[in-house]
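S.K.: sharing a model prediction with you, sequence too.
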Amino acid sequence: MDLRNFGIDSAVLSTLQDMLDFGEDHEKSTQNNPSRAYVRDAKAMAATPADVKEYPNSYVFIVDMPGIKAGEINVQLEDDNVLVVSGERKREKEDGVKYVRMERRVGKFMRKFMLPENANTNAISAVSRDGVLTVTVQKLPPPEPKKPKTIDVKIG
């Protein structure tokens, strides 16, 4: 069994990939067909491996971004709690060159992560090194436990 393809026959996988590769004439979205942007984003998300770690004081997101320079990687926060990591790797154009085989991935890379409630969205840092992006989101300190309110009893 080929674990890289999750046990899916390569012919089936190839057919699925061909179905997702629409031509330029499929610009319009209909009720039954997803838009090109949706399909592109879904493919980008599915093809971008990531690990998420939780530490006592932070969450760390590790995303493979091979061949993408640090300045071409976007790290954004959407809706105050969704971390979005994206980029695009473009194929270098060379005149007079014919590819015999193309296996290295090109195109968009993207992942979206819903941040937990205790994520400090004002304390996010990102570092890219050797094709791996590491985004650290600090945690908010735990809330102070509520102290019971004492009410003075008056003589009446």
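M.R.: Received it, and whenever you're ready, just let me know what you need. What you are looking at is a predicted structure, and each value in this text was computed from that prediction instead of being measured.

S.K.: how about residue 50: which residues does it bridge to?
M.R.: Here residue 50 sits in beta bridges with residue 63, going by DSSP bridges.

S.K.: against residue 138, how distant is it?
M.R.: 19 Å (C-beta to C-beta, to the nearest Å). Heads up, the C-betas are built off the backbone N, CA and C, glycines and all.

S.K.: do the same with residue 89
M.R.: Per C-beta to C-beta, residue 89 is found 29 Å from residue 138.

S.K.: what does residue 74 give?
M.R.: Residue 74 sits 20 Å away from residue 138, going by C-beta to C-beta.

S.K.: those two: which is more packed in?
M.R.: Legend: neighbour count by other C-beta atoms under 10 Å for residue 74 and residue 138, higher for residue 138 (17 against 13).

S.K.: residues in contact with the more buried one?
M.R.: Residues in contact with residue 138 (C-beta atoms under 8 Å, 6 or more residues apart in numbering) are 57, 58, 119, 120, 123, 124.

S.K.: let's see 6 Å
M.R.: 58, 120, 123 (C-beta atoms under 6 Å, 6 or more residues apart in numbering).

S.K.: helix, strand, or coil at the second one?
M.R.: So the one you mean is residue 120. strand (DSSP: H, G, I helix; E, B strand; the rest coil).

S.K.: residues contacting it?
M.R.: 138, 140.

S.K.: distance of it from residue 104?
M.R.: Distance of residue 120 to residue 104, computed by C-beta to C-beta: 37 Å.

S.K.: ok, the first one next?
M.R.: Distance of residue 58 to residue 104, given as C-beta to C-beta: 33 Å.

S.K.: of the two, who's got more company?
M.R.: residue 58 (16 against 9).

S.K.: partners of the helix or strand hosting residue 84, with directions?
M.R.: Using DSSP states H and E, residue 84 sits in strand 82-89. Its sheet considered, strand 82-89 pairs with strand 74-78 (antiparallel), strand 107-114 (antiparallel) by DSSP bridges.

S.K.: many thanks, I have nothing further to ask.
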